[in-house]
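> Sequence and predicted model, in that order:
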Number of protein chains: 2
Amino acid sequence: MGTFLFLKGTEVSRSIKETMIKNIAALNSSGISPSMAIVRVGEKGSDLSYERSIIKSCESVGVFAKLIVLPEAAEQNDLEEIISELNQDKSIHGILVFMPLPEGFDNARIRKMISPEKDIDGMTDSSIAAVFSGVGFGFAPCTAQAVVEILKFYNFELSGARVCILGRSLVVGRPLSMLLLKENATVTICHSKTLNSDKIARESDILIVATGKMKSVGKDFFADGQVIVDVGIHFDSDGKMCGDVDISAAEDVTAAITPVPGGVGSVTTAVLISHVVNAAMQKM
Amino acid sequence: MGTFLFLKGTEVSRSIKETMIKNIAALNSSGISPSMAIVRVGEKGSDLSYERSIIKSCESVGVFAKLIVLPEAAEQNDLEEIISELNQDKSIHGILVFMPLPEGFDNARIRKMISPEKDIDGMTDSSIAAVFSGVGFGFAPCTAQAVVEILKFYNFELSGARVCILGRSLVVGRPLSMLLLKENATVTICHSKTLNSDKIARESDILIVATGKMKSVGKDFFADGQVIVDVGIHFDSDGKMCGDVDISAAEDVTAAITPVPGGVGSVTTAVLISHVVNAAMQKM
């Protein structure tokens, strides 16, 4: 293995939490208790583990989390009724619905239903338009924003930097390209149909790996002095958590990289809760 | 000057019009007369010339164009009332408001007011979200789509192609990056803060020039065999129309390029009117 400087997500989330705690104190003294609703349908493992992490983080800073669970056999109507009530509930500042929903649910309809000002995970048209245009109110998808928070916390120059994003998903690659464009980075988006994505990756100052495929990106994609952000979360055959990046064979590479676990994932939760706090602050 | 194959916009708009004429016939026989409203505030020269081109094209295919003109001294309220009436008017299928509006108007408010299904120039959150995600109903900004129409008409392979877009505007660069991503191109967005944009441009198979600056991109940005699309429309000191591209000194370059005039601009109007027809077809 080469010489890798690990960019710890815990440092970044600690800094986000420090800011949050000050804001929560201000909210509390105005009589506002920042609160979110977590809506889960079914019992998917990844939903459950994200949910645990959210609830733990909420408790640690003093944000109230209301958990609403529907059985997988629930109907679209049941879910819509719940969203509609949460939209109207003035004590709830942010709504998170775990997506994708189980088979048979209309994800798009639910996404569009969430009140834009409570859309803490950037799912509505209004949030998408704000991220796309870089103006107006609207939260970015938390994982995409987490990547930017990490790069900023560690003071990497983004203006003029060449950034290669591997992956064009709606929750990471695409919104991230817009967030980085706002920071004046020069962004290339690669995907499964890209030819020579390894070469394009090597030419970048900052490489964002969001292929969604375990250990799919290795030595051929890396360059000395590069900053690598690994967005993936997987479990290998030994049950060990790992990312989209495989650094095991990158012997001669010197780079800074986010570890998995302890990288992007740990920042994503902090970003989500900061959105709840920010949404509540709009009511001050 | 090098050897340039000119990609004529008139060929592309003719093909778009042929499809449109068939669709209009079908609409007419269903008793629907596809109609658009053009809303102009003030007398800006570029608005007037686009307006003339729209009205002429509408007449040539049989789309009804209703022109509404407000004086520059009009109030935001006056304009909002008009948009609101047009939103409700069932005989109008598409609404175009010339942007930016004169000083003192709230562009964002007007943009958000337009009924999404009548938003033929892709200005609303709903249209932006559709372009961004590549799913759902919503029109793209006409100039961005015109670029894609030209590339498709001339059968350039987009899947896997390296595309460099010079310019990150909300009406061209950004939406175009999403439209080309949908076609499986590998897209790099460059802008004023990009370092070595000439080098990045030369590495691309397709170069889209949307800097908004007259003759700002020349030989250093070109590579042999490249396809170059010039989005700019300017008038030089002799009053001659020209683009963002300067090919005068590109002696040893062989490339295909859209001319100005007769390139992207001539396709933009056809795309706009095809949106009116498509919007009307949603009512069939």
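Now that the structure is in, tell me what you want to look at. Just so we're clear, the structure is a prediction, and the values are computed from it rather than from any experiment. Numbers count the residues shown, from 1 in each chain, chains lettered A, B, ... in the order given.
> Go ahead and confirm A:Pro259 touches A:Glu11.
No. Between A:Pro259 and A:Glu11 there is no contact under CB atoms under 8 Å: 11.6 Å. Every C-beta, even on glycine, is put in place using the N, C-alpha and C of the backbone.
> of these two, who's got more company?
A:Pro259 (21 against 14; other CB atoms under 10 Å in any protein chain shown).
> Burial check on the nearest residue to that one once chain neighbours are set aside, number of neighbours?
Nearest non-adjacent residue to A:Pro259, counting by CB to CB, 6 or more residues apart in numbering or on different chains: A:Phe6, 4.9 Å away. By the criterion of other CB under 10 Å, A:Phe6 has 11 neighbours.
> hey, C-alpha coordinates of stretch A:136-144 in CSV?
Taking Å, rounded to 0.1, in the frame of the first residue of the first chain, the C-alpha atoms of stretch A:136-144 are listed here in CSV:
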residue,chain,number,x,y,z
GLY,A,136,-32.5,30.5,-3.6
PHE,A,137,-33.3,28.3,-0.6
GLY,A,138,-33.1,24.6,-0.8
PHE,A,139,-31.0,21.8,0.8
ALA,A,140,-28.6,19.6,-1.3
PRO,A,141,-28.7,15.8,-0.9
CYS,A,142,-26.7,15.2,2.3
THR,A,143,-24.1,12.8,0.8
ALA,A,144,-23.2,15.3,-2.0
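> could you give me the average pLDDT of that stretch?
Mean pLDDT, stretch A:136-144: 95.
> Name the residues of it that come out as buried.
Buried residues in stretch A:136-144, counted by 16 or more other CB atoms under 10 Å in any protein chain shown: A:138-144.
> now do stretch A:214-222
Using 16+ other CB under 10 Å as the test for burial, stretch A:214-222 gives A:214-217, A:219, A:221-222.
> hmm, back to that, tell me which entries of the buried residues of stretch A:136-144 lie within helices.
When DSSP state H is applied, these are split such that A:142-144 fall in helices.
> Please list all residues in contact with the residue of chain A most remote from its centre.
In chain A, the residue that sits farthest from the middle, by CA atoms, centre = their mean, is A:Asp252; the gap is 30.8 Å. Applying CB atoms under 8 Å, 6 or more residues apart in numbering or on different chains, we find A:Asp252 in contact with A:Gly2.
> Please parse chain A into its domains.
A:31-117, A:142-265 (automatic domain parsing).
> tell me the mean pLDDT for the first one?
Along domain A:31-117, the predicted local confidence has a mean pLDDT of 96.
> can you redo the domains of chain A as JSON lines with distance to B:Ala130?
Shown next, in JSON lines, are the domains of chain A (distance: least, CB to CB, whole Å):
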{"stretch": "domain A:31-117", "distance to B:Ala130": "11"}
{"stretch": "domain A:142-265", "distance to B:Ala130": "12"}
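> So which of the ones you listed is the most surrounded?
domain A:142-265 (a mean of 20; mean count of other CB atoms under 10 Å in any protein chain shown).
> how about the residues of the stretch 151-284 of chain A that lie near chain B?
A:159-160, A:162, A:168, A:170, A:174, A:177-178, A:181, A:184, A:186-191, A:193-195, A:197, A:200 (CB under 8 Å from any CB of the partner chain).
> Which members of those are positioned in strands?
Among these, the members falling in strands (DSSP state E) are A:162, A:186-190.
> now for these, which pair is the farthest apart?
A:Thr186 and A:Cys190 (13.8 Å; CB to CB).
> Name the nearest residue to A:Val135, sequence neighbours excluded.
B:Ala108 (7.5 Å).
> Make sure that neighbour is actually in contact with A:Phe137.
No. With contact defined as CB under 8 Å, B:Ala108 and A:Phe137 do not form a contacting pair (11.0 Å).
> give me every residue that touches A:Glu183.
A:148, A:158-159 are the contacts of A:Glu183 under CB under 8 Å, 6+ apart.
> repeat for A:Phe137
A:116-117, A:130, A:282.
> how near is it to B:Lys112?
12 Å (CB to CB, to the nearest Å).
> Kindly report the same for A:Ile206.
Plainly put, A:Ile206 is 34 Å away from B:Lys112 if you go by CB to CB.
> Does A:Met214 lie in a helix or a strand, and which?
Using DSSP states H and E, A:Met214 maps to neither a helix nor a strand.
> re earlier: quick check, nearest of the contacts of A:Glu183 to chain B?
A:Ser159 (5.4 Å; CB to the nearest CB).
> Hmm, A:Ala185 and the closest one touching each other?
Yes. Judged on CB under 8 Å, A:Ser159 makes contact with A:Ala185 at a distance of 7.1 Å.
> For chain A, which segments count as helices?
A:9-29, A:45-61, A:76-88, A:107-113, A:125-133, A:142-153, A:173-182, A:197-202, A:264-281.
> can you redo those helices as a markdown table with distance to B:Ser248?
Converted to a markdown table, the helices of chain A look like this (distance: least, CB to CB, whole Å):
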| stretch | distance to B:Ser248 |
| --- | --- |
| helix A:9-29 | 51 |
| helix A:45-61 | 58 |
| helix A:76-88 | 59 |
| helix A:107-113 | 50 |
| helix A:125-133 | 35 |
| helix A:142-153 | 41 |
| helix A:173-182 | 31 |
| helix A:197-202 | 32 |
| helix A:264-281 | 48 |
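> closest one to A:Ser248 among those?
helix A:197-202 (16.6 Å).
> State the pLDDT value of the residue farthest from the centre of chain A.
Looking at A:Asp252, its pLDDT is 86.
> And A:Ser266, by the same measure?
The predicted local confidence for A:Ser266 is 89.
> Next, count neighbours for it.
23.
> how about it, what does it touch?
A:9-10, A:12-13.
> Distance of the closest residue to it other than its chain neighbours relative to A:Ala185?
Residue nearest to A:Ser266 in three dimensions, not counting chain neighbours: A:Gly9, with 3.8 Å by CB to CB, 6+ apart. Distance of A:Gly9 to A:Ala185, given as CB to CB: 20 Å.
> Verify the contact between A:Met214 and A:His234 for me.
Yes. Counting by CB under 8 Å, A:Met214 does reach A:His234; the two are 4.0 Å apart.
> So for these two, which residues contact both of them?
A:242-244.
> Check whether A:Phe153 really touches A:Val12, as I assumed.
Yes. A:Phe153 lies in contact with A:Val12 (CB under 8 Å); the separation is 4.4 Å.
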